[in-house]
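Participant: A structural model of the following input is requested.
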Amino acid sequence: MTDEVTEKRAASMFVTMTVRGQLCGIPVLSVRDIIVTQKMTRIPLAPPEIAGSMNLRGRIVTAIDLRRRLHLPARDSGEAGMSVVVERQGELYSLVVDSVREVIEFDEHQIEANPPTLAAGWREFSSGIYRMASELLVVLNTERVLAIG
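Facilitator: Residues are numbered from 1 along each chain as shown. Modelled structure (predicted):
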């Protein structure tokens, strides 16, 4: 396969994850790492959706709790989440989700507009939806999710 074909194929691949039972996804090209959520240091005066910061191989990573970012109820204190590490403008961010599922491939032209029944918190950060055989995948706009402040 040529580099151009490989790049085009990668652009149509999405890492899927769940947040409070809802399947969502982000482009695989924006993902740098997937790890079990580690101990975090709380950041004083940070907005509530900032879960804290953590050390990832010597780099400080700001963790964003997607449940809080999407205006959903918090995870139970005993529930561990997963961290999907993304990069924006040279900085690393961890999106704390409930679970990470699989990488799926579909053409971006198959993404539909958000339905009017989609909750406002999801709609605010979604680029659209993708209809799978048994469920809807909400395609998250990583730039919007990371634009805090």
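Participant: Can you get me a residue count around residue 141?
Facilitator: 15 (other Cβ atoms under 10 Å). (C-beta placed from N, C-alpha, C; glycine too.)
Participant: Got the confidence number for the residue lying closest to it once chain neighbours are set aside?
Facilitator: Leaving aside its chain neighbours, residue 141 sits nearest to residue 127 (4.5 Å; criterion: Cβ to Cβ, 6 or more residues apart in numbering). You'll see residue 127 listed with a pLDDT of 94.
Participant: tell me which element residue 127 falls in.
Facilitator: Using DSSP states H and E, residue 127 sits in strand 126-131.
Participant: partners of the helix or strand just after that strand in the sheet?
Facilitator: Using DSSP H and E, the helix or strand that follows strand 126-131 in sequence is strand 136-140. Paired neighbours of strand 136-140 in the sheet (DSSP bridges): strand 22-27 (parallel), strand 126-131 (antiparallel).
Participant: Run through the strands of the protein in chain order.
Facilitator: Using DSSP state E, the strands of the chain run over 13-19, 22-27, 31-36, 50-56, 59-65, 82-88, 91-97, 99-105, 126-131, 136-140.
Participant: just to revisit the earlier point, and the angle from the strand holding residue 127 to strand 99-105?
Facilitator: Angle of strand 126-131 versus strand 99-105, following axes from the mean of the first three to the mean of the last three Cα atoms, to 10 degrees, is 80 degrees.
Participant: Please name the residues that touch residue 79.
Facilitator: residue 98 (Cβ atoms under 8 Å, 6 or more residues apart in numbering).
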